[in-house]
Each structure stands twice: as C-alpha cells, then as structure tokens.
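Asks: Have a look at this prediction, sequence included:
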Amino acid sequence: MTVECTSRQPWDMIRPEIKEFAPYVPGRSIAEIRQELGLGQVVKMASNENPLGASPMVKKTVQKRADLVFRYPQPNSPDLTQALGRHLQVPEDRFVVGNGSDEIIDLLIRILARPGLDRIVVFDPSFSIYTLQARLCGVELTRVPLQSDFSFPFSSLLSTVDQDTSMVFVTSPDNPSGHTATKKELIDLSQHLPTHTMLIIDEAYIEFADQPQLYSPLSELPSLDNIVLLRTFSKLYGLAGLRLGYGIMPPWLTDLMHRVKLPFSVNLLAEAAGLAALQDSHFVQASREAVHQGRQHLTKDLSGLGWRVYPSQANFLLVRPSCPAEQLVNELLKKGFIIRGLNSYGLPDFVRISIGTEAENRGLVRACQEIQEAYA
C-alpha cells in the first residue's frame, strides 16, 4: 500500500486553536524577584496562599511517607475520599479527587461539553483556566460581564443561556473580587437553568467565608442533580505545591469522571498530606482566624488611604488605589512586596492583595502609605 506524499509538515497538522493558544500566566515567584531586584527578603501577597504556610502535621506526614514514593498510589484516592465524606458529611460516591481542582475542571469540560456543538457560559472577569480549557477542548465560551460593583448579574446570565449551553461556571467567592453569592441565589440559578445544563460552582475560597454555610449549597446537593462543587487543598490547607483538589457531584458524573481520569494523577504524598490536613483542626482554625483578622485590618487600613477596598469573603482583597495600579505594583516590588496587578483580568486600575501574616500586613500598609505620600 502506497501513501500519497504531500508537502504538509507536522506543524500543519496541529489544531488551529493550539497554534494560537496563550498559556496561563502565573504570578512571579519570590526567588525570581529576589534575583531580579537583589532583595534579601521578599513577601509574597499575590497568589492567595495560606499566610501560615502548611500544617506541622502535614510536614511530619510527608516526611514519614517519603520512603514509599517508589510505590504507585491507589487509583482515585479512596482513603482521602472516605475522609472527605466524613469531614463534609457527604456520601463517598459524590467525590472525585484530582491533581488540583484544575484537573477536575478540565475533565468536566471534556465530559460535559461537545466540541463544535455545546457552549460554556462564564462571568467576566473570571478564573482564566475556564477559558483556556474550553479553548483547548474546542468548546465555545461566552462571557457575561459582572456588575460595576463586581456582583453577579444572574438575570443577564440566564438570558444568555440557551439549549446549546452545557455548562455554567460561577466562582464563589469570586476571583479577583471576593464577592460571594448566597446559597439561595445559587440554588435559584440551578433551578432556572435548562435541565441538561450543569452549574459548576468553584468554591476554592469558600472556607474563608465568615459563615460558609450561608453561601455554599453543599447541604442541599442530594436534591440538586445539576450542581458540581469544586474545592481545593491549595488555599486554606496550604498545599498549593502538592496540587490537590476535588469535586463534589452527582454519582452518575463521578462514575464518568473515574472512567476517563488518569489513574495516578494524585501522587502518594499529596494524598497523605490531604489526609493529615483534614485532621489538623487546630491549624485550620488558626488559618481561618488569621485571614479573618487580616482581612478586617487590611480593609480598614487601606481604606484609610482613600483607596476603594471591595468587600471580600476570600483570603484576598480587590483594591482600587488612588495612585496608578501599575506604579503601585512596581514600587511595592522594590520594597519587597509582591501583589497582583490585574491587567490580565481587564482591570488595569485595580490590584489584588492576598492576606498575609499580621507582620506582613502591617509592613504592606506602611509601604503603601509611603508610595501614596510620594504620589500625592
């Protein structure tokens, strides 16, 4: 059999959406800033990490389990799934554990949205991974602008949804604003969507809310077959470097996810760390208190500079400074503080500031005061 020769090259066979693909751009690291600016100490308040680091119990567990890294982990992380079920009082058959919640997002899009046929609806701005993975999967994505105060225009979203909409993503608490929908609003939204449309609620920051039960529909999931909740160990539990997250969803969808999910995507150390993190209730409570107090104090102090600070239920604040945002980011870098400029979100006049330790928060406020005085 002879294969006809053509002038095409391997590059010509690449999918068009891949050729034009722009990757996710993470925040700059402490090591990068130290090297670039020659700084001895750098405080990172840009990536919404736990200001207290990781639990001592987690560190000990990872060290103990290090001798077993030559072994494969169990597929689908059954021990962690059982622990999550006990912790949240949710049946085990509703959990899918992944390599960060990003893996869960990717799998949901691959399973629920048909390329060239279905559509995904998100708010704008929102977490860029929704857009990137939809594009990678060849699925159309429609953006619905947030209100001017960054609240959710659910009526506008519902008017955008149609019979081709397979998925709707809502991040609550939202990133980068920290705005949070109530449980009632989210349940009402799910009940007004077409029966075939899944509502994906990204709750990466829900555990930092003052009263999470007022915002999360977790307790109502048994009666809601079109809702998926996404959660992570990266934020409250301080495991961002180990990549561990999970989804809570109807059992029929859990079954499909486990069929297509790569068998060992969650490594042995990550699962062990997750189990230890759930057990260390003292560290979890200390982390919550540090964020709640820091959020309150930073809001008061930055507002005192004449800056607009938006209400937040997350471990970060959306801030509109009276000085140029880009100048603020750059001047803070020189002083050893990394915060997040929001040009990539289409918000060039805003910054996002992660809550730090008490000392870090005080240092940041002093630096902001100096920059504000120099600008004025």
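Replies: Arrived safely.
Asks: all contacts plus neighbour counts: C-alpha atoms, from now on.
Replies: OK.
Asks: So which residues of the chain form helices?
Replies: Applying DSSP state H to the chain gives helices spanning 16-19, 30-37, 56-65, 78-88, 100-112, 128-136, 154-160, 183-192, 251-260, 268-279, 281-303, 325-334, 358-375.
Asks: I'd like these written out as CSV, with mean neighbour count added.
Replies: As requested, these are exported to CSV (neighbours: other CA atoms under 10 Å):
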stretch, mean neighbour count
helix 16-19, 11
helix 30-37, 13
helix 56-65, 15
helix 78-88, 16
helix 100-112, 20
helix 128-136, 18
helix 154-160, 14
helix 183-192, 16
helix 251-260, 15
helix 268-279, 22
helix 281-303, 18
helix 325-334, 18
helix 358-375, 16
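Asks: any low-confidence regions in the stretch 1-150 of the chain?
Replies: 1-3, 5 (pLDDT under 70).
Asks: try 50
Replies: The stretch 1-150 of the chain contains no residues with pLDDT under 50.
Asks: what's the domain layout of the protein?
Replies: Following automatic domain parsing, the chain resolves into domains at 26-53+282-375, 56-279.
Asks: Which one of those domains lies nearest to residue 18?
Replies: domain 56-279 (6.8 Å; CA to CA).
Asks: before we move on, the earlier item: would you format the domains of the chain as CSV with distance to residue 9 included?
Replies: Converted to CSV, the domains of the chain look like this (distance: least, CA to CA, whole Å):
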stretch, distance to residue 9
domain 26-53+282-375, 32
domain 56-279, 22
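Asks: which stretch among the ones you listed comes nearest residue 19?
Replies: Here domain 56-279 is closest among the domains of the chain (CA to CA), at 10.4 Å.
Asks: first vs last residue of that closest one, how far apart are they?
Replies: For domain 56-279, the separation between the terminal residues is 11 Å (CA to CA, to the nearest Å).
Asks: what distance separates that domain from the middle of the whole chain?
Replies: Centroid separation for domain 56-279 versus its chain: 9 Å, with CA atoms, centre = their mean, to the nearest Å.
Asks: Quick check: which of the helices of the chain is nearest to residue 234?
Replies: Across the helices of the chain, residue 234 has its closest neighbour in helix 100-112 (7.7 Å, CA to CA).
Asks: CA atoms of the closest one as PDB?
Replies: These are the backbone C-alpha positions of helix 100-112, laid out as PDB (Å, rounded to 0.1, in the frame of the first residue of the first chain):
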ATOM      1  CA  GLY A 100      -5.600  20.300  41.800                       C
ATOM      2  CA  SER A 101      -9.100  21.400  41.000                       C
ATOM      3  CA  ASP A 102      -7.700  22.400  37.600                       C
ATOM      4  CA  GLU A 103      -7.800  18.700  36.700                       C
ATOM      5  CA  ILE A 104     -11.400  18.400  37.700                       C
ATOM      6  CA  ILE A 105     -12.300  21.500  35.600                       C
ATOM      7  CA  ASP A 106     -10.500  20.000  32.600                       C
ATOM      8  CA  LEU A 107     -12.300  16.600  32.900                       C
ATOM      9  CA  LEU A 108     -15.700  18.200  33.400                       C
ATOM     10  CA  ILE A 109     -15.300  20.200  30.200                       C
ATOM     11  CA  ARG A 110     -14.100  17.100  28.300                       C
ATOM     12  CA  ILE A 111     -17.000  15.000  29.500                       C
ATOM     13  CA  LEU A 112     -19.900  17.500  29.500                       C
END
